[in-house]
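Trainee: I'll drop the sequence and a predicted model, then ask my questions.
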Amino acid sequence: MIQTWPQYEGEATQYSVDWNVKVSKLSTTVNSVAWSVESGSALVSGETLASNVATALVTTDSVDCSLIKLTATFADSQIDVHYFKVRVDDPKCSVNSRGY
């Protein structure tokens, strides 16, 4: 299942993926990661990898849904791919009586 992370238009939010449990079970480590925006208008910057945890800043400047792909390559050459959606809401949107 693809996770969806809410964010407001104009926000810059830091996201992380922790592989420590998985690589511990596999007796390996994360060698490298690659973040990419597969669809939508989000921007990814400030990517880091430390102690099997990948972190990046996701910035949004328009209301839409962006699909982010994060690919990790392990020391034993296995590849693990994560996808997540960033749903960008308009903070000026009016709320009706049903709460949406």
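Mentor: Good, I have the coordinates.

Trainee: Please enumerate the strands of this protein.
Mentor: For the chain, the strands defined by DSSP state E occupy 3-8, 12-18, 30-39, 43-50, 53-59, 65-74, 79-89.

Trainee: Serialize those strands to TSV and add fields for mean neighbour count, distance to residue 24 and mean pLDDT.
Mentor: Placement of C-beta: from N, CA and C, glycine included. Output for the strands of the chain, formatted as TSV (neighbours: other C-beta atoms under 10 Å; distance: least, C-beta to C-beta, whole Å; pLDDT from 0 to 100):
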stretch	mean neighbour count	distance to residue 24	mean pLDDT
strand 3-8	13	22	86
strand 12-18	14	11	95
strand 30-39	15	11	97
strand 43-50	13	16	97
strand 53-59	18	13	97
strand 65-74	18	12	96
strand 79-89	16	14	92
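
Trainee: what about the closest residue to residue 33 other than its chain neighbours, distance to residue 61?
Mentor: Distances taken as C-beta to C-beta, 6 or more residues apart in numbering place residue 54 nearest to residue 33, at 4.3 Å, with adjacent residues excluded. Between residue 54 and residue 61 the computed distance is 23 Å (C-beta to C-beta, to the nearest Å).

Trainee: Ok, residue 55 next?
Mentor: From residue 55 over to residue 61 the distance is 21 Å, taken as C-beta to C-beta.

Trainee: go on, residue 32?
Mentor: To residue 61, residue 32 is 28 Å away according to C-beta to C-beta.

Trainee: ok, residue 4 touching residue 88?
Mentor: No. Counting by C-beta atoms under 8 Å, no contact exists between residue 4 and residue 88, whose distance comes to 10.9 Å.

Trainee: Report the contact partners of residue 31.
Mentor: Listed by C-beta atoms under 8 Å, 6 or more residues apart in numbering, the contact set of residue 31 reads 73-75.

Trainee: Kindly recompute the last result at 6 Å.
Mentor: 73, 75 (C-beta atoms under 6 Å, 6 or more residues apart in numbering).

Trainee: Please report the distance of it from residue 44.
Mentor: Distance of residue 31 to residue 44, computed by C-beta to C-beta: 19 Å.

Trainee: and what of residue 25?
Mentor: In this view, residue 25 and residue 44 are 28 Å apart by C-beta to C-beta.
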